[in-house]
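Colleague: Need the 3D shape of this:
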Amino acid sequence: MNRVGPRLGYRWVGLLVVVVGCVSETGTTTTGGPVTTGGPVTTGPATSTTTTATPSTAVTTTTHPADLRIEAYPVPPGTHPHDVAPALDGGVWYTAQGSGELGWLDPETGETVHIPLGPGSRPHGVIVDSEGTPWITDSGLNAMVSVDPETHAVTIHPLPDDTANANLNTATFGDDGRLWFTGQAGVVGVLDPATGETEIFEAPRGRGPYGITTTPDGAIFYASLAGSYIGEIAPQGVAAVIEPPTPGQGARRVWADSTDGVWVSEWNSGNLSRYSTTDGTWETWRLPGDSPAPYAVFVDDQDIVWLSDFGANALVRFDPETEVFDSYPLPSLPGEVRQIHGRPGEVWGAESAADQLVVIRTG
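Modeller: Okay, the predicted model is just below:
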C-alpha cells in the first residue's frame with residue numbers, strides 16, 4: 001500500500017457569502033474480457049497542509065425560491081478544485097486538481113486541509129464510502145486512490161499495466177461494495193476494495209465514459225460524452241447502450257433519483273433528460289437561455305434536480321413537479337462548476353476556474 005502520513009504546515013481560512021438573484025423559467029417536455037491486477041503499491045511519506053485566511057465581506061440580496069443563496073468558500077490559489085463530496089464529519093472533501101491533492105474544507109471556519117496524493121497526481125472525482133473514506137479517480141496516477149480520513153494515509157490502487165492513460169473520471173459504489181469507475185479513454189472498470197483487484201472493460205463506441213451513478217435498486221449507469229449515450233453496466237462488466245432521444249446530445253453526467261429515474265445533463269444539446277428504468281421512456285427539457293451548456297447534474301434528497309450551466313455561468317434548480325427552472329448566477333466569472341454533490345439541506349459544487357467551493361443551503 002502507498003501510505004502517506006500527515007504533518008501540519010501553514011493554515012488557510014476563507015469565507016465569502018454571495019447572495020444572488022434567481023431567474024425562473026418553465027421547461028418543455030418531450031418524450032470484453034477483464035484484465036485483473038493485484039493490490040496497491042507502496043511509496044514513501046508526504047506532507048499534508050492546513051491553511052487559513054481572512055474571511056471576506058458578505059453581500060446580500062433577495063433570491064428565489066425560498067430565499068436560497070450561494071455561499072462561496074475560497075480555497076488555496078492554484079488548487080483548481082474539481083469534484084466535491086460531503087464528509088461524514090460535516091466537512092467537504094474536494095479534489096485539488098491543480099496541485100495534485102485531496103482537500104478538506106470546514107464550512108464553519110473556512111479552514112482547509114490539503115493531502116498530497118503523489119508525484120504526477122491529477123485527481124478528478126471523489127466520493128465517500130459508508131465508513132467515511134474518500135475515494136478518488138486520479139487520471140495523473142492512472143489509479144484509484146483512497147485516503148484515511150483520520151490519519152490521511154494515502155493508498156494507491158493502480159490500473160493494470162496494459163490500461164495506460166485511461167483518463168479516469170468518476171466513480172460510484174455498487175450494492176456489493178465494489179467501486180465502479182469510468183475512463184474517458186474508452187473504459188469502465190471495477191475495484192474490489194476487499195481484495196485490491198481491478199477489472200477493466202472496453203466501453204461501447206470507444207472514447208467517452210464520464211459520469212456514473214447507482215440507482216436505488218443497485219443498477220449502474222454511466223454517461224458517454226463522446227459517444228452520446230448512457231450505458232447500463234451488468235455485474236460482469238458488459239455495458240448495454242441506451243440511446244437518448246436527441247442525437248449527438250453529449251451526455252456528460254448522470255444521477256439517479258429516489259424512484260426509477262436516471263437524470264442526464266446533455267452538454268451539446270443544452271437539455272436535461274430523464275430516463276425511466278422501469279419502462280424505458282424518456283422526458284427532455286431544454287435549459288433556459290440562448291446557449292445553455294449543462295455540465296454537472298445532481299438530485300438532492302427531495303428529488304429536486306440541480307445542474308451547472310456553463311452557458312449561463314450559473315447553478316440551475318429544476319423542480320420535476322412544476323417543470324420550472326430557477327437559475328442562480330455564480331459569484332465568479334467564469335466559475336466553471338464541473339460537478340455537484342450534496343447532503344440534506346446542502347448542495348455543493350466547486351468553481352474550478354476561481355479556486356472556490358460554493359454551496360446553496362436548501363433547508
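Colleague: Against residue 304, how distant is residue 90?
Modeller: Distance of residue 90 to residue 304, computed by C-beta to C-beta, to the nearest Å: 22 Å. The C-beta positions use only the backbone N, C-alpha and C, and glycine is treated the same way.
Colleague: between those two, which one's more packed in?
Modeller: Per other C-beta atoms under 10 Å, whichever of residue 90 and residue 304 has more neighbours is residue 304, with 18 against 10.
Colleague: which ones are touching that one?
Modeller: Going by C-beta atoms under 8 Å, 6 or more residues apart in numbering, residue 304 touches 317-320, 362.
Colleague: Of these, which pair is most distant in space?
Modeller: The largest separation in those, counting by C-beta to C-beta, is between 320 and 362 at 15.2 Å.
Colleague: ok, how many other residues are close to the nearest residue to residue 256 once chain neighbours are set aside?
Modeller: With sequence-adjacent residues excluded and distances taken as C-beta to C-beta, 6 or more residues apart in numbering, residue 256 is closest to residue 215, at 4.2 Å. Counted by other C-beta under 10 Å, the residues lying close to residue 215 total 21.
Colleague: Quick check: residue 215 touching residue 262?
Modeller: Yes: between residue 215 and residue 262 there is a contact under C-beta atoms under 8 Å: 6.7 Å.
Colleague: Spit out the residues that contact those two alike.
Modeller: Common contact partners of residue 215 and residue 262 (C-beta under 8 Å, 6+ apart): 221, 256, 277.
Colleague: which among those residues gets closest to residue 324?
Modeller: Of all these, residue 256 has the smallest distance to residue 324: 21.7 Å, by C-beta to C-beta.
Colleague: partner residues bridging the closest one?
Modeller: Beta bridges link residue 256 to residue 262, judged by DSSP bridges.
Colleague: The helix or strand hosting residue 275 pairs with which strands, parallel or anti?
Modeller: For residue 275, the host element (DSSP states H and E) is strand 271-276. Sheet pairing for strand 271-276, assigned by DSSP bridges, gives strand 261-266 (antiparallel), strand 282-286 (antiparallel).
Colleague: show me where the stretch 201-350 of the chain has strands.
Modeller: 209-214, 220-224, 229-233, 239-242, 251-256, 261-266, 271-276, 282-286, 294-299, 305-309, 314-319, 324-329, 337-343, 346-351 (DSSP state E, counting those that start in this stretch).
Colleague: now for the ones you listed, which one comes closest to residue 70?
Modeller: strand 324-329 (5.7 Å).
Colleague: Buried residues of that closest one, list them for me.
Modeller: Applying a neighbour-count criterion of 16 or more other C-beta atoms under 10 Å, one finds 324-329 buried in strand 324-329.
Colleague: Can I get it in PDB? Just the C-alpha atoms.
Modeller: What follows is strand 324-329, C-alpha atoms only, in PDB (Å, rounded to 0.1, in the frame of the first residue of the first chain):
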ATOM      1  CA  VAL A 324     -39.700  25.100 -13.600                       C
ATOM      2  CA  PHE A 325     -36.000  26.100 -13.800                       C
ATOM      3  CA  ASP A 326     -34.500  28.500 -11.300                       C
ATOM      4  CA  SER A 327     -31.100  29.900 -12.200                       C
ATOM      5  CA  TYR A 328     -28.600  31.200  -9.700                       C
ATOM      6  CA  PRO A 329     -25.600  33.200 -11.200                       C
END
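Colleague: Average pLDDT for it, rounded please.
Modeller: Mean pLDDT, strand 324-329: 95.
Colleague: Could you name the helices and strands sitting against that strand?
Modeller: strand 23-26, strand 314-319 (3 or more C-beta pairs under 8 Å, 6 or more residues apart in numbering; DSSP states H and E).
Colleague: Would you check that residue 173 makes contact with residue 128?
Modeller: No: between residue 173 and residue 128 there is no contact under C-beta under 8 Å: 9.5 Å.
Colleague: Which strand residues bridge the closest residue in space to residue 316 that isn't next to it in sequence?
Modeller: For residue 316, ignoring the flanking residues on the chain, the nearest one in space by C-beta to C-beta, 6+ apart is residue 307 at 4.5 Å. Counting by DSSP bridges, residue 307 forms beta bridges with residue 297, residue 316.
Colleague: With residue 223 instead?
Modeller: Bridge pairing for residue 223 - DSSP bridges - gives residue 230.
Colleague: ok, it - contacts?
Modeller: 209-212, 229-231, 251-254, 264-265.
Colleague: Now the strand holding residue 275: buried residues?
Modeller: Buried residues in strand 271-276, counting neighbours by 16+ other C-beta under 10 Å, are found at 271-275.
Colleague: what's the answer for stretch 142-156, then?
Modeller: 142-149, 152-156.
Colleague: And the residues you listed, which two are furthest apart?
Modeller: Using C-beta to C-beta, the buried residues of stretch 142-156 reach their maximum pairwise distance at 142 and 149, which is 23.8 Å.
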